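**Student:** Pasting a predicted model and its sequence here:
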Amino acid sequence: MAQGRRVERVAALIRKETSELLINGIRDERVHQGMVSITEVEVSGDLQHCKIFVSIFGEQNTRSEVLEGLKAASGFLRGELGRRLQMRRAPEVVFQLDRGLEKGTSVLGLLNRLEDERQERGDIPPGSDEQPESDELQLDG
């Protein structure tokens, strides 16, 4: 499984170098309009293709502009990765928007709203972390 470890190691290095390039290397103003974080890097087994999943904080139109800026900078990024990682052939870089954080935030919002509704109905006393008692028998031990 040495091949798998190598791919994972290269993915970690690509993530590190791309993060550094996002801060200091890319001069496209579109990229710096929103807060960009790299959530995951997937590298193919032959190290020729690389998907970089990014989460972009900001309004929808800002997100699309930042993503366009990242796609425009992918050629520069590929060259810099090849030089910095000293690879014979640098992988082709593709950026994809990761919506996992957005989905997590919306789920937390729904859970909070459900909790508020339950408190309004009186199912749970306000400020209580306890769950309502179930109909199951509880044994004293």
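**Tutor:** Perfect, I can see it now.

**Student:** Now Pro91: closest residue in space that isn't a chain neighbour?
**Tutor:** Cys50 (4.0 Å; C-beta to C-beta, 6 or more residues apart in numbering). C-beta: built from backbone N, CA, C; applies to glycine.

**Student:** sec struct for that neighbour, please.
**Tutor:** Here Cys50 is recorded as strand under DSSP: H, G, I helix; E, B strand; the rest coil.

**Student:** just the one 5 residues further on next, same as before
**Tutor:** Following three-state DSSP, we place Ser55 in the strand state.

**Student:** Surely it touches Gly34?
**Tutor:** No - at 9.7 Å, Ser55 does not count as touching Gly34 under the criterion of C-beta atoms under 8 Å.

**Student:** so how far is Arg15 from the residue nearest to Pro91?
**Tutor:** 10 Å (C-beta to C-beta, to the nearest Å).

**Student:** swap in Arg6?
**Tutor:** 15 Å.

**Student:** out of these two, which sits in the busier spot?
**Tutor:** Arg15 (17 against 13; other C-beta atoms under 10 Å).

**Student:** In contact with that one, which residues are there?
**Tutor:** Ile38, Val41, Ile52 (C-beta atoms under 8 Å, 6 or more residues apart in numbering).

**Student:** quick one: pLDDT of the spatially closest residue to Gly34 that is not a sequence neighbour?
**Tutor:** In space, Gly34 comes closest to Gly58 once its chain neighbours are excluded; the distance is 3.6 Å by C-beta to C-beta, 6+ apart. With respect to pLDDT, Gly58 has a value of 76.
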